[in-house]
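A.B. asks: generate a structure from the sequence data that follows.
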Amino acid sequence: MRILILLLVFPVLAAAQESRPATCSYEVYNWNTHKKQAVNFAKVERPYSELKPEEIDPATGCTVCLEDQELLKAGAIEPFYVCRKIAASVRVALEKLTAAGEPVLEVTGYRPGKTRNPTDKEGNRTGFSNHAYGAAIDINRSANGLYDKCFKFGPGCRLVQGGPWKPGNKGALSAESRIVKAMKAAGFRWGGEIEGAQKDFMHFSFSGY
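C.D. replies: Residues are numbered from 1 along each chain as shown. Below you'll find the model as predicted:
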């Protein structure tokens, strides 16, 4: 059933592999948990034939390569990159929302950083996030923070990134908001509903993480 849903929502995933340039390139960094900042910026270039498993998202086939990203624009928001394989579904959802006057104020997509566990001895995260493949987007970051120590949202949750989440404020997302419902209909899960110690109210991906 999961495979069928993906084929229906993202039919391009079932298509034959498209032609690609010979070289994959991207600019990578590590998120350092001690310094609370990005470090180790580097530019990577290698043939597509030499991509490592970690550089390819198994859920979508999207890669960390800039060459696999598409620049999107919807309404008055700043253009952003997202994986070409899911670009059409993201564009349709956002264009409908902005045309309806929904407060889509800012969107971040492709961001090829290593911001996921595990960490090395220096506190640098070493795993690519879904953003690194262009397979996730953040909507209205300034009004929808990422929190940890937050199995259930309340005063004990600690804001890590983004702005404070205050349901009812302009741009704030909730399970009942049209933005969240539209992204779910497009095949994404919302980070505000993920299980565990984090709640990521800005975030949308296939897994919610």
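A.B. asks: phi, psi of the residue nearest the centre of the chain?
C.D. replies: Ranked by distance to the mean C-alpha position of the chain (Cα atoms, centre = their mean), the top residue is A136 at 2.1 Å. Backbone geometry at A136, expressed as degrees, to the nearest 10, gives phi -150, psi 150.
A.B. asks: can you give me the strands in this protein?
C.D. replies: In chain order, the chain shows strands spanning 23-32, 37-47, 69-72, 80-83, 107-108, 114-119, 125-128, 136-139, 146-148, 158-161, 189-190, 199-200, 203-205, with DSSP state E as the criterion.
A.B. asks: contact partners of the last one?
C.D. replies: Identification of contacts with strand 203-205 by Cβ atoms under 8 Å, 6 or more residues apart in numbering yields 130, 135-139, 146, 183, 188-192, 209. Where C-beta positions appear, they are placed from N, C-alpha and C, glycine not excepted.
A.B. asks: how far is the helix of greatest length in the chain from where the chain is centred?
C.D. replies: With secondary structure taken from DSSP state H, the chain has its longest helix at helix 84-99. For helix 84-99, the distance from its own C-alpha centre to the chain's C-alpha centre is 14 Å (Cα atoms, centre = their mean, to the nearest Å).
A.B. asks: again, but for stretch 58-69
C.D. replies: 12 Å.
A.B. asks: mind saving the C-alpha coords of it as CSV?
C.D. replies: What follows is stretch 58-69, C-alpha atoms only, in CSV (Å, rounded to 0.1, in the frame of the first residue of the first chain):
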residue,chain,number,x,y,z
PRO,A,58,16.1,5.4,-0.3
ALA,A,59,12.5,6.7,0.1
THR,A,60,12.5,8.9,-3.0
GLY,A,61,15.7,8.3,-5.0
CYS,A,62,16.6,12.0,-4.5
THR,A,63,20.3,12.8,-4.0
VAL,A,64,22.4,15.4,-2.4
CYS,A,65,23.4,16.7,-5.8
LEU,A,66,22.5,20.2,-6.8
GLU,A,67,22.0,18.9,-10.3
ASP,A,68,19.0,16.9,-9.1
GLN,A,69,17.3,20.0,-7.5
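A.B. asks: and it, which residues are buried?
C.D. replies: For stretch 58-69, the neighbour count (16 or more other Cβ atoms under 10 Å) marks 60-65, 68-69 as buried.
A.B. asks: again, but for stretch 148-162
C.D. replies: Buried residues in stretch 148-162 (16+ other Cβ under 10 Å): 150, 157, 162.
A.B. asks: stretch 135-145 now?
C.D. replies: 135-141, 143-145.
A.B. asks: dump those into JSON lines; add distance to V107 as well.
C.D. replies: Shown next, in JSON lines, are the buried residues of stretch 135-145 (distance: Cβ to Cβ, whole Å):
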{"residue": "A135", "distance to V107": "14"}
{"residue": "A136", "distance to V107": "11"}
{"residue": "I137", "distance to V107": "6"}
{"residue": "D138", "distance to V107": "7"}
{"residue": "I139", "distance to V107": "6"}
{"residue": "N140", "distance to V107": "8"}
{"residue": "R141", "distance to V107": "9"}
{"residue": "A143", "distance to V107": "13"}
{"residue": "N144", "distance to V107": "12"}
{"residue": "G145", "distance to V107": "16"}
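A.B. asks: appreciated, that's everything.
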